[in-house]
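1. quick one, what's the 3D model for this:
(one chain, ligands or ions: 2)
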Amino acid sequence: MRAYAAIILAAGMGTRMKSGLCKVLHEVAGRPMISYVIDALEPCRFQKIVVVVGHQADTVKKMLQRPGIEFALQEPQLGTGHAVMAAKDLLQDFAGEVLILCGDIPLIRTETLLEFVRLHEEKQGKITLMTALLEDPTGYGRIIRDTDRAVSRIAEERDANEHERSIQEINTGIYLVNAAILYRLLARVGQENDQHEYYLTDIVAEAARDSIPVDGMLLRNAGEASGINSRSELAQAAAVLWERRRLDLMDSGVTLLDPSTVYVDAEVRIGPDTVIHPCVTIKGQSEIGTDCIIESGVYLMDSRLGDRVKILQGSRLDRAIVDDDTSVGPMAHLRPEARIGKSARIGNFVEVKKSTVGDRSKASHLTYLGDSTIGRDVNIGCGTITCNYDGKHKHPTVIRDRCFVGSDVQFVAPVEIGEGSVIGAGSTITRDVPPGMLAVSRATQKVYPLRPLGSSRETTPKAKAEVEHEDTDRS
Ligand code: UD1
Ligand code: CA
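-> Ligands and ions are numbered 1, 2, ... in the order given. Coordinates of the predicted model:
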């Protein structure tokens with residue numbers, strides 16, 4: 001087998017996207033489109049991978065920092081042929097075959113690239129093109145064959161005549177070319193076209209001139225080489241990639257109750273026997289254990305769930321960690337650095353930010369926990385709030401193991417509650433409470449008789465007795 005290298009063209013802006021972001025960085029199914037191309041290429045184990053960058057070069061480079069990937073800068077961008085020229089120096093000592101492909105074809109698969117290489121090897125080809133037959137070839141370069149069916153050139157749509165435009169065999173933009181031949185032919189390519197660019201496609205006509213045979217491999221699944229040029233093509237490719245993702249998840253043992261409404265990013269990991277209800281989005285580097293239940297309307301970003309975790313309807317988790325057997329929601333909001341222990345419960349309308357909640361602790365209703373450390377076996381009553389922000393700084397609240405916090409308590413941070421203490425309902429806690437104490441802070445209840453306007457009715461003795469009585473409610 002001959003030696004192989006790859007060049008990925010990714011310097012263009014992609015003006016048809018009408019975006020401030022260069023095309024190859026646009027996300028498709030949760031990842032920049034070019035990373036799918038690299039992923040498809042890596043298992044082919046080529047000697048070299050060169051990415052040609054130009055527009056937003058630094059961002060593209062940063063995104064693709066992986067061992068074995070080299071970058072060539074194309075500045076300014078004068079066409080696809082010019083882009084391949086920019087990689088010439090990096091391939092100076094390379095004497096093999098070069099696979100050229102674009103960074104805007106995220107649907108391409110490794111198997112297809114390997115089959116393409118196999119064909120090129122079998123024929124000991126000099127130039128092999130990957131072509132496809134399209135019902136609607138609009139936008140693509142058309143493959144022009146001469147009378148004996150040999151490929152004689154490629155006509156770009158904007159330079160093609162009416163007859164050429166009716167040809168349905170298109171250039172996928174994926175080529176295998178011997179490196180020496182490639183650069184010899186490219187040196188002769190000019191800018192005589194509608195865009196005044198150096199077209200890589202023109203090497204085909206140059207090859208024909210030198211009687212170098214050009215082979216074609218017809219791609220069976222034409223959609224795989226779809227180049228993305230517009231937002232609507234982006235959406236179509238995303239639909240295909242989401243679907244592939246759902247099938248992979250189901251193959252790995254995850255149940256999706258309504259697959260087409262579930263969006264799981266490429267790098268998310270989900271354990272077997274986890275059940276995902278309709279309309280769920282799981283993003284970034286999230287990890288979900290086995291036997292979990294993720295109910296409808298849940299949004300997870302970069303979050304980690306243990307095993308047998310339940311995330312109930314309408315909850316949002318962002319960079320949160322939830323340990324085994326814990327239940328969260330419905331309508332809970334776990335914000336960055338929320339860490340919930342094992343067998344704990346975060347109930348409805350509870351928001352947790354930068355806080356640790358220990359094993360078996362519960363905050364079941366209407367609560368805000370921010371910058372706090374909650375121990376184990378703690379009960380946080382309904383409506384409890386950590387007042388963590390004084391307008392300038394954030395302050396911590398610490399509630400030690402086995403504390404019982406009644407309903408509607410405010411902790412004015414910084415404040416610490418010792419182990420096993422009880423806080424009476426409705427208290428505003430401004431000072432530390434030592435372990436094993438009961439703390440209550442609330443105004444004395446007063447009760448007055450109602451005297452309707454104009455009424456001369458005397459206050460009954462019983463009502464009188466109840467006025468200004470002390471509040472003896474249980475805490
Ligand atoms: C190109 C082909 C066309 C083919 C189609 C397949 C040419 C002239 N035409 O057209 O025959 O059917 O791809 O999708 O090659 N790029 C650079 N530097 C540049 C210009 C482009 O790196 O100066 C990169 C772009 O970032 C992009 C790729 O090359 O990833 C293709 O460029 P694009 O403008 O999309 O080419 P098409 O017009 O689609
Ligand atoms: Ca394109």
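
2. rest of the way, CA atoms for contacts and neighbours
-> Will do.

3. element containing E233?
-> helix 231-251 (DSSP states H and E).

4. check which element follows that helix along the chain.
-> Following helix 231-251 in sequence, per DSSP H and E, is strand 255-256.

5. so how far is that following strand from its chain's centroid?
-> Remark: strand 255-256 is offset 20 Å from the chain centroid, using C-alpha atoms, centre = their mean, to the nearest Å.

6. near ligand 1, which residues of this structure?
-> Contacts of the chain with ligand 1, taken as C-alpha under 6 Å from any ligand atom, map to 9-12, 52, 77-80, 83, 102-104, 140-141, 156, 170-173, 199-201, 227, 229.

7. Q168 touches R142, doesn't it?
-> Yes: with contact defined as C-alpha atoms under 8 Å, Q168 reaches R142; the gap is 7.1 Å.

8. have a look at these two and say which one is more surrounded.
-> Taking Q168 and R142 together and counting by other C-alpha atoms under 10 Å, R142 has the greater number of neighbours (27 against 19).

9. quick check: V98 is in a strand.
-> Yes: judged by DSSP: H, G, I helix; E, B strand; the rest coil, V98 forms part of a strand.

10. show the contacting residues for it.
-> Listed by C-alpha atoms under 8 Å, 6 or more residues apart in numbering, the contact set of V98 reads Y4, A5, A6, I7, Y175, L176, V177, N178, A179.

11. tell me the bridge partners for the fifth one.
-> It refers to Y175. I100, L129 (DSSP bridges).

12. distance of it relative to E97?
-> Distance, Y175 to E97, using C-alpha to C-alpha, to the nearest Å: 10 Å.

13. let me see the domain layout of the chain.
-> Domain segmentation of the chain under automatic domain parsing yields 4-225, 231-439.

14. quick one: which helix or strand includes F349?
-> Here F349 is assigned to strand 345-353, by DSSP H and E.

15. pairing partners for that strand, with directions?
-> Note on strand 345-353: by DSSP bridges, its sheet partners are strand 327-328 (parallel), strand 333-334 (parallel), strand 362-370 (parallel).

16. so which of those strands is the most packed in?
-> With neighbours defined by mean count of other C-alpha atoms under 10 Å, none of the strands paired with strand 345-353 is more surrounded on average than strand 333-334, at a mean of 27.

17. show the average pLDDT along that strand.
-> Strand 333-334 shows a mean pLDDT of 98.

18. could you do stretch 387-400 as well?
-> Averaging pLDDT along stretch 387-400 gives 97.

19. what's the answer for stretch 85-92, then?
-> Stretch 85-92 comes out at a mean pLDDT of 97.

20. buried ones in that stretch?
-> M85, A86, A87, K88, L91 (16 or more other C-alpha atoms under 10 Å).

21. among the domains of the chain, which is nearest K446?
-> K446 lies closest to domain 231-439 among these, at 15.6 Å (C-alpha to C-alpha).

22. what's the end-to-end length of the closest one?
-> 60 Å.

23. repeat that for stretch 279-298.
-> End-to-end distance for stretch 279-298, by C-alpha to C-alpha: 7 Å.

24. so, low pLDDT: which residues of the chain?
-> 455-475 (pLDDT under 70).

25. again, 90 this time
-> 147-150, 451-475 (pLDDT under 90).

26. so where do the helices sit in this protein?
-> For the chain, applying DSSP state H gives helices covering 33-41, 57-63, 80-86, 110-122, 162-165, 179-186, 203-209, 231-251, 461-466.

27. hang on, isn't P396 packed against N388?
-> Yes: taking C-alpha under 8 Å as the definition, P396 is a contact partner of N388 at 6.4 Å.

28. what touches both of those two?
-> G370, D371, A413, P414.

29. ok, these vs E162, which is closest?
-> Once C-alpha to C-alpha is applied, the member of those that ends up nearest E162 is G370, at 67.1 Å.

30. pick the most buried one from the helices of the chain.
-> helix 80-86 (a mean of 23).

31. so which elements touch it?
-> strand 4-10, strand 48-53, helix 179-186 (3 or more C-alpha pairs under 8 Å, 6 or more residues apart in numbering; DSSP states H and E).

32. other residues contacting it?
-> Under the criterion C-alpha under 8 Å, 6+ apart, residues 7, 9, 11, 52, 72-74, 77, 183, 186, 189, 197-201 lie in contact with helix 80-86.

33. the same query, at a cut-off of 10 Å, please.
-> Helix 80-86 has contacts (C-alpha atoms under 10 Å, 6 or more residues apart in numbering) with 7-12, 50-54, 71-77, 79, 100, 102, 173, 182-183, 186-187, 189-191, 197-203.

34. what do you get for stretch 243-255?
-> Contacts of stretch 243-255 (C-alpha under 10 Å, 6+ apart): 29, 107, 237-239, 241-242, 256, 259-266, 268-277, 290-293.

35. neighbours of the residue in the stretch 201-350 of the chain that ligand 1 sits nearest to, how many?
-> Distances between the stretch 201-350 of the chain and ligand 1 by C-alpha to the nearest ligand atom are smallest at G227, namely 4.2 Å. By the criterion of other C-alpha under 10 Å, G227 has 21 neighbours.

36. quick one: contacts for the closest residue to it other than its chain neighbours?
-> Nearest residue to G227, sequence neighbours excluded (C-alpha to C-alpha, 6 or more residues apart in numbering): I105, at 4.8 Å. I105 is in contact with 24, 33-34, 36-37, 172-174, 223-229, 234, 237, counting by C-alpha under 10 Å, 6+ apart.

37. tally up the residues packed near the nearest residue to K18 once chain neighbours are set aside, please.
-> Spatial nearest neighbour of K18, chain neighbours left out: S230 (8.0 Å); criterion: C-alpha to C-alpha, 6+ apart. Residues lying near S230 (other C-alpha under 10 Å) number 15.

38. C22 is in contact with S230, correct?
-> No: applying C-alpha atoms under 10 Å, one finds S230 not in contact with C22, separated by 11.8 Å.

39. mind listing the shared neighbours of the two?
-> G14, T15.

40. related to what we said a few turns ago, between Y175 and E97, what contacts are shared?
-> Common neighbours of Y175 and E97 (C-alpha under 10 Å, 6+ apart) are A6, V117, H120, I127.

41. give the contact list for the closest residue to the third one other than its chain neighbours.
-> The shortest distance from H120 to any residue that is not its chain neighbour, by C-alpha to C-alpha, 6+ apart, is 6.3 Å, and that residue is T128. Residues touching T128, when contacts are defined by C-alpha under 10 Å, 6+ apart, comprise 99, 116-117, 119-121, 151, 174-178, 204, 213-217.
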